[in-house]
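1. how does the following fold in three dimensions:
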Amino acid sequence: MSTAALARPQVAATGLAGIALVLGACACFAALDTTTKVVGATAPMLMALWVRYAFQAVATTAAVLPQRGLQVLRTRHLPFQCLRGLLLLTSSMLAYLSLRYLPVGEFTAIMMIAPLVVTLLAATFLKERVSALRWTLVAGGFAGTLVIIRPGGESFSWAMLLPLGLVASNAWFQAITSKLARTEDPVTMHLYTGWVGTLLASLALPSVWQPGLGAWTWAGMALMGLSATVGHFLLILAYRNTPASTLTPYLYSQIGFAMLGGWLVFTHVPDGWSLFGMGLIALCGAAGAWLTVHESRSALRLARI
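-> Coordinates of the predicted model:
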């Protein structure tokens, strides 16, 4: 039996493990959004985000520093690390505000157009060539978003546009992450993200601190930190051994987990139009991931000729 044949079961097992880790991460992120919506009713935004980022920063440092030492903090792109942390904190703030007005499932679906927006950024700012099919998928994702938001509809309010600002900041976050991931240790990136968010939120903490919050609110803020920390850690493990092209389509399972969380906690079920828009976003996003795999394999075949 050839070496390639022996390696196939191991590759398949690694792929399945990566998919399982991504599904776990998506469940954690859905729990984060659901808990954020609950906590947002009682806790100041920056106070809740400080707890969430401090939990991530301290937990990650405690887990990594004894094994890796201070060398894990070494980076060749400190300004980009700080900018990445600022963008993620901005995204968290917009998410906190958005979840006051939108159900968790609909909010998550709008968030999932971020990879499509990255395509738009690549074409306009990085001057990369984008195929007509990719433009069609981007248009389809935006159409799904409009179906969910429904400008001019009876339930529309300007606050529903907050997730679009979140998508923009998250798209830039992903673009910088993609650039840094080529040369930087993902654990180092994770550490800087947590500490930059913690330090920036700490600047406003004295003015927003609210004493006398109930035990359930504190438990909710702690759960936000735990969900974010575990979710990001699972993603790191997933991408360590499994190609991103294999994992990306499964990221859209977060929409399903978010709908489940919204139903269990808030007894909210999206209406028919919202379900259509959410399905359209998931379809276009997954198709974009498949197209990336197809283009990569085609380029590889051409390189071998």
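2. okay, how far is it across stretch 98-111, tip to tip?
-> 11 Å (Cα to Cα, to the nearest Å).
3. show residues contacting that stretch.
-> For stretch 98-111, the external contacting residues (Cβ atoms under 8 Å, 6 or more residues apart in numbering) are 30, 33-34, 36-37, 40-41, 95, 144-145, 148-149, 157, 159-160, 162-164, 166-167, 170, 254-255, 258-259, 261-262, 265-266, 268, 270, 274, 277-278, 281-282. Just so you know, the C-beta spots here come from the backbone N, C-alpha and C atoms, and that holds for glycine as well.
4. which element is residue 22 on?
-> If you go by DSSP states H and E, residue 22 is part of helix 3-39.
5. check residue 289 too.
-> With DSSP H and E as criterion, residue 289 is part of helix 272-304.
6. average pLDDT across that helix?
-> For helix 272-304, the mean pLDDT works out to 72.
7. again with stretch 112-129
-> Mean per-residue pLDDT for stretch 112-129: 69.
8. sec struct for residue 229, please.
-> Using DSSP: H, G, I helix; E, B strand; the rest coil, the structure places residue 229 in helix.
9. and if you look at residue 182?
-> Residue 182 ends up coil, using three-state DSSP.
10. where does the prediction get shaky in the stretch 1-150 of the chain?
-> Along the stretch 1-150 of the chain, the model assigns pLDDT under 70 to residues 1-15, 121-128, 130.
11. if we can go back for a sec, could you point out which element follows the helix holding residue 22?
-> Next along from helix 3-39, by DSSP H and E: helix 45-68.
12. residues of that next one that come out buried?
-> 45-57, 59-60, 64 (16 or more other Cβ atoms under 10 Å).
13. which strands and helices sit next to it?
-> Using 3 or more Cβ pairs under 8 Å, 6 or more residues apart in numbering; DSSP states H and E, the elements in contact with helix 45-68 are helix 78-98, helix 186-208, helix 215-241.
14. would you mind pulling up the elements that the second one packs against?
-> Other helices and strands packing on helix 186-208, by 3+ Cβ pairs under 8 Å, 6+ apart, are helix 45-68, helix 78-98, helix 215-241.
15. okay, those helices in JSON lines with distance to residue 115 next?
-> Shown next, in JSON lines, are the helices and strands packed on helix 186-208 (distance: least, Cβ to Cβ, whole Å):
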{"stretch": "helix 45-68", "distance to residue 115": "23"}
{"stretch": "helix 78-98", "distance to residue 115": "14"}
{"stretch": "helix 215-241", "distance to residue 115": "14"}
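16. any idea how far the closest residue in space to residue 24 that isn't next to it in sequence is from residue 253?
-> Leaving aside its sequence neighbours, residue 24 sits nearest to residue 234 (Cβ to Cβ, 6 or more residues apart in numbering; 4.9 Å). Distance, residue 234 to residue 253, by Cβ to Cβ, to the nearest Å: 13 Å.
17. more crowded one of the two?
-> residue 234 (20 against 17; other Cβ atoms under 10 Å).
18. surely that one meets residue 20?
-> No - counting by Cβ atoms under 8 Å, residue 234 stays clear of residue 20, with 9.2 Å between them.
19. report the contact partners of residue 77.
-> 180, 183-184.
20. out of these, which are buried?
-> Here, 16+ other Cβ under 10 Å leaves 180, 184 buried among the contacts of residue 77.
21. pick the one among the contacts of residue 77 closest to residue 71.
-> residue 184 (13.0 Å; Cβ to Cβ).
22. distance check, residue 248 against residue 265.
-> 28 Å.
23. neighbour count: the two, which is higher?
-> Shown here are residue 248 and residue 265; by other Cβ under 10 Å, residue 248 has more neighbours (18 against 14).
24. not counting its neighbours along the chain, what's nearest that one?
-> Using Cβ to Cβ, 6+ apart, the closest residue to residue 248 is residue 289 (3.8 Å).
25. and for that neighbour, the neighbour number?
-> Number of residues near residue 289 (other Cβ under 10 Å) recorded here: 20.
26. pretty sure it contacts residue 282?
-> No - contact between residue 289 and residue 282 fails when scored by Cβ under 8 Å: they sit 10.7 Å apart.
27. count residues in the vicinity of residue 107, would you?
-> Count around residue 107 with other Cβ under 10 Å applied: 25.
28. from residue 161, how far out is it?
-> In terms of Cβ to Cβ, residue 107 sits 12 Å off from residue 161.
29. try residue 94
-> 10 Å.
30. so for these two, which residue has more residues nearby?
-> Shown here are residue 94 and residue 161; by other Cβ under 10 Å, residue 94 has more neighbours (20 against 15).
31. who's in contact with residue 208?
-> Residue 208 neighbours (Cβ under 8 Å, 6+ apart): 44-47.
32. between these, which sits nearest residue 80?
-> Once Cβ to Cβ is applied, the member of those that ends up nearest residue 80 is residue 46, at 24.0 Å.
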